[in-house]
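Q: Give me a model of this one.
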Amino acid sequence: MSVLQAYPATAPAAPEAPVGPDHLAGGVLRSLSRSFRGHYSWGVVTTLVLGAVTFGVLPLLRWTQHFHRYVRLERQQLWHLAEWLRLQTAHPDAATLPDEAERIRWRGALAATAWLWLAAVIIFFVTQLWNLPAPARTLASSTFGARWRAATDAFRSDLFVAWTVGLLLAYALHWLHLQLHAGDVRRFAQKVNRVAEWEGVAPLSLPRAGSGAQPLWLLGALAMVMIGALWGVPLMLAGAVQRSYISRTSALLRAEAADRVRTMLLLRRPAQRVPQFARAAIRCRGERCRAPIPLLANFCARCGARAGTVMGDIA
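A: This is a model prediction of the structure:
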C-alpha cells in the first residue's frame, strides 16, 4: 500500500461532447469562394464585333440568358449565407435574412419586355423586306449604311428609326434590370451589416452597379455611333455594367461575406477545457502519527517529523 494517498480536490466534471465541424459553414465558404470572373458577360471587343455583325441582336439574347443564370447562382449563395446567419446569431434581423435573399429575383417581365422590343424590330424588318427585290441592300443601307444614305437610293427611314429606337429601348431595359438587381443585393447586404455589427465583425461593402461609363466601353460606344448604330451607347453601357458587376462588384461582396463567416467561426470557437490536476494529500511518515501534512509544509504539525518525500512515494 502506498504511503501517499491522492484524491481529487473537486468533483470531476462530466466530459463534454466533442464539437463537430460546421458543415453548413463549410458549404457556404466553398460556395462564396467560387469565381465567375470572365463568365456570364462579354468584353468590350466581343460586344463590339458580335453586336455589329448581328445588327445588335445577339448581345441582348446572350446577355439575358447569362444574367438569368447568374442571378440564380448568386441568390442561392446569398440564401445559404442568410440561413447560416439565422442559425448562428440571435439578432432579430437574422430571422428575416432568408426572406430577404428570396427577394433577389430574376425580373422576367422586364427581360421579356426587352425581348419584345427586339422581336418587334425583327418582325418589322422581315415584313418590310420580304417582297423587296434587293432586301440585303436595303437592310445594309437602312442600318449601318444610313450614315451614307445620301449616296444610295435604297435607304428606308422607317427601318432605320425602328432599328434605332427598338434596340435602344431594349438595351436600356437590360441596363435598368442590372441596376434593379444591384439594388436588391444592396438591401440584402445592409441587413447583413446590421447582424455583423451585432456580432462585432466588419460590415460588407454595399454593392453598386454603376452607370457603365468606363473608358474602354465609352470608346466602343463611340465606335458604334460612328458606324451609324446609335443604340450602341446603351449597348456598351449595359455590357460594362454586367461585366463589372459579375467580375468585380459581386465577387468582392462574396469574398467579404466569406471572410466574415470565417471571422465569426473563429470568434465562436469553443474554449479548450483543461481539467485540474489531482491534489495529493501527504501523510506523516511516522508509523505512529500518519497525520495529514499540507503539500507546501516541510514538517508534520503533529509530531514534528520532516515531511520530505521521494518520487517513489507518489504512486
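Q: And the helices in the stretch 201-315 of the chain?
A: With helices called from DSSP state H, counting those that start in this stretch, the stretch 201-315 of the chain shows them at 215-226, 232-244, 250-267.
Q: Kindly calculate the angle that the second one makes with helix 250-267.
A: Using axes from the mean of the first three to the mean of the last three CA atoms, to 10 degrees, one finds that helix 232-244 and helix 250-267 are set 20 degrees apart in direction.
Q: what comes into contact with helix 232-244?
A: Helix 232-244 is contacted from outside by 40-44, 47-48, 51, 56, 59, 63, 66-67, 167-168, 171-172, 174-175, 178-179, 209-214, 217-218, 220-221, 223-225, 229, using CB atoms under 8 Å, 6 or more residues apart in numbering. C-beta here means a position set from N, CA and C on the backbone, and glycine is covered the same way.
Q: who touches the residue nearest the centre of the chain in this structure?
A: Closest to where the C-alpha atoms of the chain average out (CA atoms, centre = their mean) is residue 254, at 2.7 Å. Residues near residue 254 by CB under 8 Å, 6+ apart: 32, 33, 34, 74, 77.
Q: And for the first one, the neighbour number?
A: If I follow you right, that is residue 32. Residues within reach of residue 32, counting by other CB atoms under 10 Å, total 21.
Q: how about stretch 55-71 as PDB, C-alpha atoms only?
A: Taking C-alpha atoms only, stretch 55-71 is exported to PDB below (Å, rounded to 0.1, in the frame of the first residue of the first chain):
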ATOM      1  CA  PHE A  55     -27.100  44.100 -86.100                       C
ATOM      2  CA  GLY A  56     -27.500  44.300 -82.400                       C
ATOM      3  CA  VAL A  57     -29.500  41.100 -81.900                       C
ATOM      4  CA  LEU A  58     -27.100  38.600 -80.400                       C
ATOM      5  CA  PRO A  59     -25.700  40.500 -77.400                       C
ATOM      6  CA  LEU A  60     -29.200  41.100 -75.900                       C
ATOM      7  CA  LEU A  61     -30.100  37.400 -76.300                       C
ATOM      8  CA  ARG A  62     -27.000  36.100 -74.800                       C
ATOM      9  CA  TRP A  63     -26.600  38.600 -72.000                       C
ATOM     10  CA  THR A  64     -30.200  38.000 -70.900                       C
ATOM     11  CA  GLN A  65     -29.500  34.200 -70.700                       C
ATOM     12  CA  HIS A  66     -26.200  34.700 -68.900                       C
ATOM     13  CA  PHE A  67     -27.600  37.200 -66.400                       C
ATOM     14  CA  HIS A  68     -30.600  34.900 -65.700                       C
ATOM     15  CA  ARG A  69     -28.200  32.000 -64.800                       C
ATOM     16  CA  TYR A  70     -26.000  34.300 -62.700                       C
ATOM     17  CA  VAL A  71     -28.900  35.700 -60.700                       C
END
